[in-house]
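[1] Prediction below, plus the sequence it came from.
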Amino acid sequence: MKIAVASGKGGTGKTTVATNLAKVASQAGKSVAYLDCDVEEPNGHIFLKPEIADSKPVGNLIPKVDQTKCTNCGQCGQICQYSAIVCVGKKVLVYPELCHACGGCVLVCPSGAITETMREMGKLETGQAGEIQFVHGLLNVGEVMSPPLIKAVKSAAPEVDLILIDSPPGTSCPVIESVRDSDFIVLVTEPTPFGLNDLKLAFDMTNALELPFGVVINRADVGDTETVSYCRDHNIKILAEIPDDRKIAEAYSRGVLACEAIPKYEALFSKLLEDIQGCEI
Amino acid sequence: MKELVVISGKGGTGKTSIVAAFAALAQNQAVLADCDVDAADLHLVLEPNIVKQEDFSGGSRAKINPELCIACGKCQEVCRFDAILKYSAEQWMGSDAGAACNDCSFCVRSCPSKANAAINEMMESSGDIHKQIFEVDPIACEGCGVCNWFCPADAIEFSPAVNGQWFLSDTRFGPMVHAKLGVAEENSGKLVSLVRREAKKVAETRRLDTILVDGSPGIGCPVVASITGADLVLIVTEPTLSGLHDLRRVADLTKFFGIETLVCINKWDINPDVTAEIERQAAEHSLVVAGRVRYDRAVTEAQVKKQTVLEYQNTGCSEDIVQLWNEVQKIAWPDEKP
């Protein structure tokens, strides 16, 4: 089963939920993989403390122009929707950071002047955190496009009983890439106006993807009761409520898993895992 | 005119609450720009009155016209994003379920999945269930247009997609430009650039000397779009190992673009040891720590009441935020303000 943990708003507790679920599942004897798809700001390693066994560069294909073969026909510049390849006078300029690697310029070039070359955009690291198989991506600073690296993280997933995907915050392309082929999405929120507003955006996203989902309310006793009412009114399943416990915040600040630091949360996350698996259709 | 962008690396550290409080302190001398177009929240506190609204198109999207499609499969062959879906009733008919099919068409009527709808379409349009039908998956489509270029039947419509809306509004603290990216849409960076451009226009026409930008978490596309060319960045972090880790990466990003950067440690008293460590590392990297803001439940209470924390109370963390704002101003306008 593949479970993605996502949220519209940042800082609601995605990593807390994903890492603790990975831990309790592995303790229950399941083979588990944890994939950190928040390649811009990955934090899972802080809590799972994996031993990284392999680190390799991940790249995107960008065009390389052989100016001696170029006939200045200008078609590469015309097909490119991203202004990543531009014909200026008798020269063809390539702007690698704008390239989406669609390959259009290569296909359209009548003189075979364009080939593709790999350009590094980040790193893919794999390793072992106890019994948990660990994968994360690290986007190079200054890079703008994370989806190709997220794709690489997901394709590095080993064959296991349970895959946990830690998604980046938001609802746009990096999030879609992270969650799209999951069996179930856990949306983590906090019961505040900001949390609820962003949760509604996340509902729209999961509905657009036609994926089953449930909600975990973190710091459940702060804010107001609007989130609970909203979920009730819209028949959205609340899978768990995690209290606003200073002990969790302290453990988090030191990079310690709640289920290890505070015994009662092991039970909470084990039950959450059971409930999610119960939702599987 | 100075443009101050508030970002954080890690999400949920308090960017929006601090920007809203700054808006209250700027005394109608600032234009507000919410560049977290993916999950915008500033409007929940500032309750803008929308005076202008426009669609945003960041690119085009492909759509196959089934009337013209000759089912040659060229589009699928050239698409690198697996965005061309092929439905074949023949494949389905060959399966066990297909063999048992007695044409009741219940599946077509009741199932929301597109595969069955496509079977229906094939039966209706040509009566030929052996025909293949091609369709663009709008979520996977990156708008590269390569399918359109190579389609021999001219069956692909490739036109600008509406990816979201942007708004110009009035708030009790001055004008605000904000936006909403559509569900599962791309091009957040282009929308961020548009919001900043419009905010700048407003600042020029109304002669306001500050643009306050609420950014998004991360270090990718929308963040880069929100900081390039800005005068000053304030990174709001929190004293957790995650906060520190993410601060380092986002500070590398502002350094990469050569933008003057300040740091604020929000909820600093949650873990004073990590706060001290952040301050130590900031000094090492010549980052200025412009202030500490204490943890205060009033921040959430104010949010519930649709107020900035400064309107809600003038003690506690509000004192810290006033001090932080004064410090930021001193650095943004070293010569002008007392």
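    In hand now; what should we look at?
[2] So the spatially most central residue of chain B, which state does it fall into?
    By Cα atoms, centre = their mean, chain B has its centre lying nearest to residue B:38, at 2.7 Å. Following DSSP: H, G, I helix; E, B strand; the rest coil, the label given to residue B:38 is coil.
[3] and residue 164, what is it in contact with?
    All of this refers to chain A. Contacts for residue A:164 (Cβ atoms under 8 Å, 6 or more residues apart in numbering or on different chains) come out as A:3, A:5, A:18, A:21, A:22, A:25, A:32, A:33, A:34, A:35. Backbone N, C-alpha and C define where each C-beta goes, glycine included.
[4] Oops, wrong one, chain B.
    Residues in contact with residue B:164 (Cβ under 8 Å, 6+ apart) are B:37, B:55, B:56, B:58, B:179, B:180, B:181, B:182, B:185, B:191.
[5] Now do the end-to-end distance for stretch B:151-168.
    One end of stretch B:151-168 to the other measures 41 Å (Cα to Cα, to the nearest Å).
[6] Most neighbours among the contacts of residue A:164, please name it.
    The most crowded member of the contacts of residue A:164 is residue A:22, carrying 34 neighbours; neighbours defined as other Cβ atoms under 10 Å in any protein chain shown.
[7] would you say it is within a helix?
    Yes: Residue A:22: assigned to a helix according to three-state DSSP.
[8] how about it, what does it touch?
    A:32, A:34, A:48, A:132, A:162, A:164.
[9] What does the pLDDT read for it?
    pLDDT recorded at residue A:22 is 98.
[10] Relative to residue A:31, how far out is it?
    Going from residue A:22 to residue A:31 by Cβ to Cβ, to the nearest Å gives 11 Å.
[11] Show me the common contact partners of these two, please.
    What both residue A:22 and residue A:31 touch, as defined by Cβ under 8 Å, 6+ apart, is the set residue A:162.
[12] Need the nearest residue in space to residue A:205, chain neighbours excluded.
    In space, and not counting its chain neighbours, residue A:205 is closest to residue A:171: 4.4 Å by Cβ to Cβ, 6 or more residues apart in numbering or on different chains.
[13] residues contacting residue A:39?
    By Cβ under 8 Å, 6+ apart, the neighbours of residue A:39 are A:122, A:136, A:137, A:138, A:139, A:146, A:149, A:150, A:153, A:168, A:174.
[14] Could you check how many residues crowd around residue 215?
    You didn't say which chain, so I picked chain A. Counted with other Cβ under 10 Å, residue A:215 comes out at 23.
[15] You answered for a different chain; I wanted chain B.
    Using other Cβ under 10 Å, residue B:215 has 28 other residues around it.
[16] Tell me the spacing between it and residue A:221.
    In terms of Cβ to Cβ, residue B:215 sits 29 Å off from residue A:221.
[17] Next: residue A:274.
    Per Cβ to Cβ, residue A:274 is found 23 Å from residue A:221.
[18] ok, now residue B:147?
    52 Å.
[19] more crowded one of those two?
    Ranked by neighbour count (other Cβ under 10 Å), residue B:147 and residue A:221 place residue B:147 first, with 26 against 11.
[20] Show me what whichever strand or helix holds the more buried one is packed against.
    Using DSSP states H and E, residue B:147 maps to helix B:146-150. Packing partners of helix B:146-150 (3 or more Cβ pairs under 8 Å, 6 or more residues apart in numbering or on different chains; DSSP states H and E): helix A:104-108, helix B:74-78, strand B:156-161.
[21] Out of the ones you listed, the one nearest residue A:69 is which?
    helix A:104-108 (12.6 Å; Cβ to Cβ).
[22] Pull out the buried residues from that closest one.
    A:104, A:105, A:106, A:107, A:108 (16 or more other Cβ atoms under 10 Å in any protein chain shown).
[23] what's the answer for stretch A:11-28, then?
    Neighbour-count burial for stretch A:11-28 [16+ other Cβ under 10 Å]: A:11-27.
[24] doesn't residue A:199 fall inside a strand?
    No: when the secondary structure is assigned by three-state DSSP, residue A:199 falls in helix instead of a strand.
[25] List the contacts of it.
    Shown in contact with residue A:199 (Cβ under 8 Å, 6+ apart): A:7, A:8, A:9, A:187, A:189, A:215, A:227, A:230.
[26] which parts of the stretch 51-200 of chain A sit against chain B?
    A:79, A:81-82, A:100-104, A:107-108, A:139, A:141-146, A:168-174, A:176, A:180, A:192-194, A:197-198 (Cβ under 8 Å from any Cβ of the partner chain).
[27] Any quick PyMOL command for the buried ones out of those?
    Only the buried entries of those go into this PyMOL selection, using 16+ other Cβ under 10 Å:
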select buried, chain A and resi 79+81+82+100+101+102+103+104+107+108+139+141+143+144+145+146+168+169+170+171+172+173+174+176+180+192+193+194+197+198
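[28] Out of the residues of the stretch 51-200 of chain A next to chain B, list just those in helices.
    A:79, A:104, A:107, A:108, A:173, A:174, A:176, A:193, A:194, A:197, A:198 (DSSP state H).
[29] Which residue in these has the weakest pLDDT?
    residue A:173 (90).
[30] tilt between whichever strand or helix holds residue B:60 and strand B:156-161?
    Using DSSP H and E, the element containing residue B:60 is strand B:59-64. Using axes from the mean of the first three to the mean of the last three Cα atoms, to 10 degrees, the inter-axis angle of strand B:59-64 relative to strand B:156-161 is 150 degrees.
[31] Tell me which residues are up against strand B:59-64.
    By Cβ under 8 Å, 6+ apart, the list of residues contacting strand B:59-64 reads A:81, B:75, B:83, B:134-136, B:138, B:141, B:143, B:145, B:147-148, B:155-161, B:163, B:186-187, B:190.
[32] Okay, now the sheet partners of that strand, with direction.
    Next to strand B:59-64 in the sheet, as set by DSSP bridges, lie strand B:156-161 (antiparallel).
[33] Note down every partner strand of the helix or strand just after the strand it pairs with and its orientation.
    Using DSSP H and E, the helix or strand that follows strand B:156-161 towards the C-terminus is strand B:164-171. The strands beside strand B:164-171 in its sheet (DSSP bridges) come out as strand B:49-56 (antiparallel), strand B:174-181 (antiparallel).
[34] quick one, which of those is packed in tightest?
    Highest mean neighbour count of the strands paired with strand B:164-171: strand B:174-181, a mean of 25 (counted as mean count of other Cβ atoms under 10 Å in any protein chain shown).
[35] Looks like residue A:271 contacts residue A:240 (just checking).
    Yes: using Cβ atoms under 8 Å, residue A:271 is in contact with residue A:240, at 7.2 Å.
[36] More neighbours: these two, which one.
    residue A:240 (20 against 13).
[37] Helix, strand, or coil at the more buried one?
    Per three-state DSSP, residue A:240 ends up strand.
[38] ok, it - contacts?
    By Cβ under 8 Å, 6+ apart, the contact set of residue A:240 is A:216, A:217, A:268, A:271, A:272, A:275.
[39] can you do 10 Å?
    Neighbouring residues of residue A:240 by Cβ atoms under 10 Å, 6 or more residues apart in numbering or on different chains: A:17, A:186, A:188, A:214-218, A:220, A:268-269, A:271-273, A:275-276.
[40] ok, now how distant is the residue lying closest to residue A:7 once chain neighbours are set aside from chain B?
    Distances taken as Cβ to Cβ, 6+ apart put residue A:188 closest to residue A:7, at 4.6 Å, once the chain neighbours are dropped. The gap separating residue A:188 from chain B is 10 Å, by Cβ to the nearest Cβ, to the nearest Å.
[41] One more: residue A:87?
    Distance, residue A:87 to chain B, by Cβ to the nearest Cβ: 16 Å.
[42] Quickly list what that residue is bridged to.
    As for beta bridges, residue A:87 partners with residue A:92 under DSSP bridges.
[43] so residue A:262 makes contact with residue A:252?
    No: taking contacts as Cβ atoms under 10 Å, residue A:262 lies outside contact range of residue A:252: 11.0 Å.
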